[in-house]
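A.B. asks: Next come a sequence and a model predicted from it.
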Amino acid sequence: SQQGEEDPQALSIQEGENATMNCSYKTSINNLQWYRQNSGRGLVHLILIRSNEREKHSGRLRVTLDTSKKSSSLLITASRAADTASYFCALTSNTGKLIFGQGTTLQVKP
Amino acid sequence: GAVVSQHPSRVICKSGTSVKIECRSLDFQATTMFWYRQFPKQSLMLMATSNEGSKATYEQGVEKDKFLINHASLTLSTLTVTSAHPEDSSFYICSANRKGTEAFFGQGTRLTVV
């Protein structure tokens, strides 16, 4: 299966701490994307990283991609209570459809 | 602002009835849209790829006669859940790709079948 596998499934940290989520996959990819979902809501795109990129930043977010290990990580620095959400990695197939990982549920305690 | 609009955001229907969900790309044309389903505390599962002007492509295990998809224009795709049953209760989300950019998602539709 091309589906991404994420770990941890759940993560609970204190406000101000960093949160790291990992995504592993099995096949080659064009790009990998990270999304955020608040409970019962739609998805918000965070970062897209292409297969020829190794690292991207966006504000407090840092995404790395290691194609040799077929893995990606999402780091949220200086977390806030408002970062509490589920985070999903998604692989883009050559037809454009997204295949989502199982997600990591992040709870940031104030 | 939102570039993909999904309607309704929430619907409750009786078992045996049909429900239509709309997905619109607001400021771009989308020849392809995608429909996903998400059960509580689970990830999104792709149901089908909606193709403008042609038949939708369904993922394995998704009943095409139950989940009717129509993509009649470049900005609108509809998903109709026919003869809905309680087990169809779920969160349905559509997405569309603006050319050269990431996928944009609708707000999702919470379907409850009673």
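C.D. replies: Alright, I've got the coordinates.

A.B. asks: How far off centre is the worst-scoring helix or strand of chain B on mean pLDDT?
C.D. replies: The weakest-scoring helix or strand in chain B, judged by mean pLDDT, DSSP states H and E, is strand B:103-105 (a mean of 87). Distance of strand B:103-105 from the chain centroid (Cα atoms, centre = their mean, to the nearest Å) equals 12 Å.

A.B. asks: So is it next to chain A?
C.D. replies: Yes. Interface with chain A: strand B:103-105 contributes B:103-105 (Cβ under 8 Å from any Cβ of the partner chain). Using the backbone N, CA and C atoms, a C-beta is placed for each residue, glycine as well.

A.B. asks: out of those, who's nearest chain A?
C.D. replies: Proximity of the residues of strand B:103-105 next to chain A to chain A (Cβ to the nearest Cβ) peaks at residue B:105, which lies at 4.3 Å.

A.B. asks: Does that closest one touch residue A:43 like I think?
C.D. replies: Yes. With contact defined as Cβ atoms under 8 Å, residue B:105 counts as touching residue A:43 (4.3 Å).

A.B. asks: Identify the contacts common to these two.
C.D. replies: Each of A:35, B:93, B:95 lies in contact with both residue B:105 and residue A:43 under the rule Cβ atoms under 8 Å, 6 or more residues apart in numbering or on different chains.

A.B. asks: May I have the residues that are in contact with the first one?
C.D. replies: Translated: residue A:35. A:43-46, A:87-90, A:100, B:105.

A.B. asks: One more pass at 6 Å, please.
C.D. replies: A:43, A:45, A:88 (Cβ atoms under 6 Å, 6 or more residues apart in numbering or on different chains).

A.B. asks: Show me which parts of the helix or strand of chain A with the lowest mean pLDDT are buried, residue by residue.
C.D. replies: Across the helices and strands of chain A, mean pLDDT, DSSP H and E gives its lowest value to strand A:5-7, namely a mean of 84. By neighbour count with 16 or more other Cβ atoms under 10 Å in any protein chain shown, strand A:5-7 contains the buried residues residue A:6.

A.B. asks: Which helix or which strand is home to residue A:46?
C.D. replies: strand A:43-50 (DSSP states H and E).

A.B. asks: ok, then the element right after that strand?
C.D. replies: strand A:55-58.

A.B. asks: in its sheet, what does the next helix or strand after that following strand sit against?
C.D. replies: For strand A:55-58, the following helix or strand on the C-terminal side (DSSP H and E) is strand A:61-66. Take DSSP bridges as the rule and strand A:61-66 pairs in its sheet with strand A:55-58 (antiparallel), strand A:71-76 (antiparallel).

A.B. asks: How far off centre is strand A:61-66?
C.D. replies: With Cα atoms, centre = their mean, you get 9 Å for strand A:61-66.

A.B. asks: could you give the mean pLDDT of that strand?
C.D. replies: Here strand A:61-66 scores 97 as its mean pLDDT.

A.B. asks: Identify the residue spatially nearest to the residue most central in space within chain B, adjacent ones excluded.
C.D. replies: Closest residue to the average C-alpha location of chain B: residue B:35 at 4.0 Å, with Cα atoms, centre = their mean. Distances taken as Cβ to Cβ, 6 or more residues apart in numbering or on different chains place residue B:47 nearest to residue B:35, at 4.6 Å, with adjacent residues excluded.

A.B. asks: so where's the chain uncertain?
C.D. replies: Unless you meant another one, I'm taking chain A. A:1-3 (pLDDT under 70).

A.B. asks: my question was about chain B
C.D. replies: B:1-2, B:100.
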